[in-house]
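>>> what follows is a predicted protein model with its sequence.
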Amino acid sequence: MNGPYASIAGVGSELPARQVDNHHFAKYLDTSDEWIRKRTGIVRRHLADKDAKLCDLARPAAQKAIAAAGVTADQIDAIIVATTTPDRIFPATACLLQDALGVQGCPAFDVQAVCCGFLYALSCGEAMIRAERSSCALIVGADIFSRLVDWNDRSTCILFGDGAAAVVLKAAANPGIVALQLGAQGSSADILTAEGHPQRGEFCGKPVTRMDGQSVFTLATRAMIESSLAVCDQAAIKPDEIDWFVPHQANQRIISAVAQRLGIGKEKVVATIAEHGNTSAASIPLALDSIGEQIKSGDRVLMYAAGGGLTWGAALALVP
Ligand code: ACO
């Protein structure tokens, strides 16, 4: 395949200021810091204030990514936001973000694939660049997932945090996103869902997260392993030739199980779950941003996720 290729040129992130540790939940629920740490690896998470807007988190993340990429906002020619918690039913958060960034005219749309959303959005941006419909795409993963949490359900409320992170994808002569695979299994929709929906101006049903944790654990682990191996096959490399593994941060035990099956040492696996919890679409780019200083040109970075849908995916990027 010839170019143009899509290359990650810059990363940026933003977290709400407020941090909530596990002891908060132990004050009113039958749970403990020890249980949460042991079963999930989570120690604390950032939570947005009640009136916070997703776009207000996404904008600084995007601006930092734009600066890191060495471009200016007016060079952005596509904006794709992965989110399950948009500010409005419509227009898309990407349109609100476009305005907030002072960008004009470029296509702007949201993608919804829950915790796998960032990889779905990355895939859209990569395809636009490969097709020469974009040369500088802003890809954002942003969620205020705490909006979809039942604070009295101890099996879910302890898992999630809020945040936003972005990458700038630029057209390049050399391969950047080397391989990519996405998938979904709608027959597993009910194991992780928020069933509320708008109807005649009202929200009907319950727009809070319900989860069969063990089924999600099993299917998400399997999906991430298979997707990662599929991407390695596409790129004709073995997992141990990869420098950085950047998993969706759902649960430390899932992260470790996938790493073990892929036969990789934990020094290569990026884990931010202890500090962020599960930030859904923001989780992978937040983790990517956390190793910004350590990544070197030529490094191979494997990102992989699974989420509600069930959706899954993996992408292998070569650092320019
Ligand atoms: N504190 C104390 N006890 C709890 C808590 C809690 N916060 N949550 C559940 N329990 C209890 C359960 O009620 C159950 O009690 P019981 O035996 O009396 O019925 C017991 O702990 C064991 O429950 P399990 O569900 O078997 O616990 P498990 O070890 O599977 O851990 C968990 C639960 C952490 C939710 C796990 O299943 C998990 O992480 N699943 C993946 C879910 C996930 O990551 N979802 C995020 C979105 S999807 C994604 O991002 C891929």
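The structure has been received and is ready for your questions.
>>> residue closest to the middle of the chain?
What sits nearest the mean C-alpha location of the chain, by CA atoms, centre = their mean, is Ala281, with 3.1 Å.
>>> that one reaches Asp110, doesn't it?
No. Ala281 lies out of contact with Asp110 (CB atoms under 8 Å); the separation is 9.8 Å. (Glycine included, C-beta is placed from N, CA and C.)
>>> between these two, which contacts overlap?
Shared contacts of Ala281 and Asp110, defined by CB atoms under 8 Å, 6 or more residues apart in numbering, are found at 82-83.
>>> contact partners for the residue nearest to the centre of the chain?
Contacts here follow CB under 8 Å, 6+ apart; on that basis Ala281 touches 82-84, 113-115, 117-118, 121, 141-143.
>>> which one of these has the most neighbours?
Within the contacts of Ala281, Ala142 tops the neighbour count with 38 neighbours, counted by other CB atoms under 10 Å.
>>> spell out which residues of the chain are next to the ligand.
31, 35-36, 39-40, 115, 154-155, 158-159, 192, 211, 213-214, 216-217, 220, 248, 250-251, 278, 306-307 (CB under 6 Å from any ligand atom).
>>> leaving out chain neighbours, which residue sits closest to the residue of the stretch 151-300 of the chain found nearest the ligand?
Closest contact between the stretch 151-300 of the chain and the ligand, by CB to the nearest ligand atom, is at Gly213 (2.8 Å). Distances taken as CB to CB, 6 or more residues apart in numbering put Ser155 closest to Gly213, at 5.8 Å, once the chain neighbours are dropped.
>>> over to Ile42?
Nearest non-adjacent residue to Ile42, counting by CB to CB, 6+ apart: Gly277, 4.8 Å away.
>>> so what pLDDT did the one you found get?
Looking at Gly277, its pLDDT is 98.
>>> need the contact list for it.
Gly277 makes contact with 42, 44-45, 158-161, 249, according to CB under 8 Å, 6+ apart.
>>> Lys53 contacts Asp87, correct?
Yes. Using CB under 8 Å, Lys53 makes contact with Asp87 at a distance of 5.2 Å.
>>> identify the contacts common to the two.
Residues within reach of Lys53 and of Asp87 at once, by CB under 8 Å, 6+ apart: there are none.
>>> tell me which residues in the host helix or strand of Thr221 are buried?
With elements taken from DSSP states H and E, the one containing Thr221 is helix 213-235. For helix 213-235, burial by neighbour count (16 or more other CB atoms under 10 Å) applies to 216-217, 219-232, 235.
>>> picking up where we left off before, okay, and which of the contacts of Ala281 map to strands?
Among the contacts of Ala281, DSSP state E puts 82, 141-143 in strands.
>>> all helices for this structure, in order.
For the chain, the helices defined by DSSP state H cover 22-26, 33-40, 54-68, 93-101, 117-130, 154-157, 213-235, 252-262, 273-276, 283-290.
>>> figure out which of the ones you listed is closest to Pro320.
Comparison of those against Pro320 by CB to CB identifies helix 54-68 as nearest, at 12.1 Å.
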